[in-house]
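>>> Fold the stuff below for me.
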Amino acid sequence: LYALNVARFHPGEKAAQWLVDVLPFVLLGVAGEPLALVFVFYAVHGFAQHANWSVRLGWFNWLVAGPELHRWYHAIDAPDGGVNFGNNLIVWDILFGTRFLPAGSNVTEVGMTGQIIPKGLLGQWLYPFRRSAP
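This next block holds a predicted model:
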């Protein structure tokens, strides 16, 4: 994982995120400054999550999805079905039983196995919409 990975998102995902994260607050009349602060937090937090550093957050791992937890989201040897889906807070993973941070264990390798990801930008944008093999 590297900090610059945080800027790599599918345009459809960013549009959906905007609809869920921003539009309701805009419709409720929330001023731009508080929204800007939220997105500054999102950006800084995202860079920290994906930074290639070994940081231990201790009990804070029960509140935020920091780098220690988020690395398991990307781990090749993560449990089937995926873990640590929380983008900023880990509360939903706690509620749905997908929080995963094994004591004394570190992520050894991140990435995807068994899939050939296109190298070009358009191919990567279309990749989520491919027809899966039966």
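>>> if you average pLDDT over stretch 49-58, what comes out?
Throughout stretch 49-58, pLDDT has a mean value of 82.
>>> can you give me how far that stretch is from the chain middle?
With C-alpha atoms, centre = their mean, to the nearest Å as the basis, the distance from the averaged C-alpha position of stretch 49-58 to the chain average is 14 Å.
>>> And for stretch 77-95?
The gap between where stretch 77-95 is centred and where its chain is centred comes out at 9 Å by C-alpha atoms, centre = their mean.
>>> What separates the first and last residues of that stretch, distance-wise?
Counting by C-alpha to C-alpha, to the nearest Å, you get 23 Å between the two ends of stretch 77-95.
>>> Only the buried residues of that stretch, if you could.
By 16 or more other C-beta atoms under 10 Å, the buried positions in stretch 77-95 come out as 78, 83-84, 86-88, 90, 93. From N, CA and C alone the C-beta is placed, and that goes for glycine too.
>>> Stretch 55-73 too?
Within stretch 55-73, the residues scored as buried using 16+ other C-beta under 10 Å are 61, 64-73.
>>> that older thread, and the two most separated of the buried residues of stretch 77-95?
Spatial extent of the buried residues of stretch 77-95 (C-beta to C-beta) is set by the pair 78 and 88 at 19.3 Å.
>>> Show me what whichever helix in the chain runs longest is packed against.
Criterion DSSP state H: the longest helix present in the chain is helix 32-50. In terms of contact count using 3 or more C-beta pairs under 8 Å, 6 or more residues apart in numbering; DSSP states H and E, helix 32-50 is assigned the packing partners helix 67-74.
>>> Thanks a lot, see you next time.
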